[in-house]
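J.: predicted model, plus sequence, below.
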Amino acid sequence: MTHSATAVALAPATKDPVLPPATASGMHELSRFGIPLGLAGLGGGWSAARSSLGSPVWPEEILYGAATAVWLVLTVLYVFRGLRQKGTFRADLKHEVAGPFASFIPLVGILLSSHYSQYLPPWGAWLCGVFIAALAIVAAQLLAHWVAGGVSMQSIHPGYLLPVVAGSFVASIGFSSIHAHDAAIATFGAGMFFWLLVGTVVTVRLMTGGALAPTAKPGLSAYLAAPATANIAWMVSHPGPVGTVQLGLTGVLAIMTLLQVMLLPQYRKLPFSPAFWVFTFPVGATTNYAVRWLAATSLPGREIYAWTILGLATAFTLAIAARTATTGSARA
């Protein structure tokens, strides 16, 4: 969470009189890309299980296939709306709450192209580079808008971590998948810088600016997306025994996981909404790393732990998908 996508339930700043349109579900259209993001995140967990636990290939291919289909449909619909309404994407970028979600489109593209590059090496690698470049452009546009005073402190939420922090780490993973090691390290460094910078701003806002609106609280799971993607990025760029940096990053992930456990009572009070998809990418990314980390240790029963974590993450994502479908049918 990045994650994931955060519900646009925070009240926008009063100085922004024109808001981009929302979907019929009440979510901003960009936030719907959290669905393929979550499916691809879980697909990464099953991909790790295939190499570490010998799991069959079909679960990851179904998840990546579903993510691809949803992503393509949402992208076509979004581009079509943009062609009808000039300046749509620019307006969405400047939206104080939904702006960071603009990064979801290339972010999902990186995950999908990284996966399919194993089947179509030249095309997959080329597409991965294109999506990384697109993410960099979107992130730079967002940063320029933020530092120019385009957002108020009250409107900042954990989703601001996704474009420049989790996004940089996912870009690093993408570079590693196409064997661009130096670029992977460079983007990892960028992610660490923005983790410190933007993470501090977001945390200060949450600690001093009052509680988030209830329907925006799922966005707190973005605190898990950052260390999860950082750990995966470092591990895939540094294969072999677990080193000092990896242990340090794992410690951060462990405390952020514990934070999410402490937040469970607040999450349980929330009424279900499509915004719950924001949980799926952090959960999928954490599962991905947990499977990889357990495989690299000599912990007794590590395979049982890995299968248990993977099973719980899969059940969680499927439950949200089923509840979303049920809720959508009821509304229809």
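T.: Noted; the coordinates are in hand. Numbering: from 1, shown residues only.

J.: contacting residues for Ala183?
T.: Ala183 makes contacts with Phe175, as judged by CB atoms under 8 Å, 6 or more residues apart in numbering. C-beta: built from backbone N, CA, C; applies to glycine.

J.: how near is it to Ser237?
T.: According to CB to CB, to the nearest Å, Ala183 and Ser237 sit 10 Å apart.

J.: repeat that for Phe281.
T.: Distance from Phe281 to Ser237, by CB to CB: 20 Å.

J.: stretch 29-45: how far from the chain's middle?
T.: Centre-to-centre, stretch 29-45 and its host chain are 7 Å apart (CA atoms, centre = their mean, to the nearest Å).

J.: apologies, that question was intended for stretch 44-52.
T.: Offset of stretch 44-52 from its chain centre (CA atoms, centre = their mean): 18 Å.

J.: now that stretch: buried residues?
T.: 44-50, 52 (16 or more other CB atoms under 10 Å).

J.: where helices are concerned, which of those count?
T.: If you go by DSSP state H, those have 44-50, 52 in helices.

J.: of all these, which comes closest to Gly150?
T.: Gly44 (32.8 Å; CB to CB).

J.: which residues touch that closest one?
T.: So Gly44 contacts 60, 111, 115, 232, 284-285, 288 (CB under 8 Å, 6+ apart).

J.: in helices, which of those fall?
T.: 60, 111, 115, 232, 284-285, 288.

J.: let's have the residues you listed in a markdown table, adding distance to Leu127.
T.: What follows is the ones in helices among the contacts of Gly44, written out as a markdown table (distance: CB to CB, whole Å):
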| residue | distance to Leu127 |
| --- | --- |
| Glu60 | 18 |
| Leu111 | 11 |
| His115 | 11 |
| Ile232 | 20 |
| Gly284 | 21 |
| Ala285 | 21 |
| Asn288 | 21 |
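
J.: shaky segments in this protein?
T.: 1-28, 82-87, 328-332 (pLDDT under 70).

J.: am I right that Ser103 is in contact with Ala136?
T.: No - Ser103 is beyond contact range of Ala136, at 10.0 Å (criterion: CB atoms under 8 Å).

J.: ok, the two, which is more surrounded?
T.: Each of Ser103 and Ala136 has its neighbours counted (other CB atoms under 10 Å); Ser103 has more, 28 against 18.

J.: Gly129 versus that one, what's the distance?
T.: 17 Å.

J.: one more: Pro36?
T.: 20 Å.

J.: now do Met207
T.: Distance from Met207 to Gly129, by CB to CB: 39 Å.

J.: more neighbours: which of those two?
T.: Gly129 (18 against 8).

J.: figure out the helix or strand that the more buried one lives in.
T.: In the assignment (DSSP states H and E), Gly129 maps to helix 121-145.

J.: gap between the following helix or strand past that helix and the chain center?
T.: Using DSSP H and E, the next helix or strand after helix 121-145 towards the C-terminus is helix 161. Computed by CA atoms, centre = their mean, the chain-centroid distance of helix 161 equals 9 Å.

J.: residues making contact with the helix or strand following helix 161?
T.: Under the assignment DSSP H and E, the closest C-terminal helix or strand after helix 161 is helix 167-177. For helix 167-177, contacts defined as CB under 8 Å, 6+ apart pick out 103, 107, 110-111, 113-114, 117, 128, 131-132, 135-136, 139, 181, 183-185, 187-188, 190-191, 194, 226, 229-230, 232-233, 236-237.

J.: buried only: go through the residues you listed for me.
T.: Buried among the contacts of helix 167-177 (16+ other CB under 10 Å): 103, 107, 110-111, 113-114, 117, 128, 131-132, 135-136, 139, 183-185, 187-188, 190-191, 194, 226, 229-230, 232-233, 236-237.

J.: buried residues in the longest helix seen in the chain, which are they?
T.: In the chain, with assignment by DSSP H, the single longest helix is helix 302-331. For helix 302-331, burial by neighbour count (16+ other CB under 10 Å) applies to 302-303, 306, 309-310, 313-314, 316-317, 320-321, 324.

J.: can you list these in TSV and add distance to Trp277?
T.: Converted to TSV, those look like this (distance: CB to CB, whole Å):
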residue	distance to Trp277
Arg302	30
Glu303	29
Ala306	24
Ile309	20
Leu310	19
Ala313	14
Thr314	15
Phe316	11
Thr317	9
Ile320	6
Ala321	9
Thr324	7
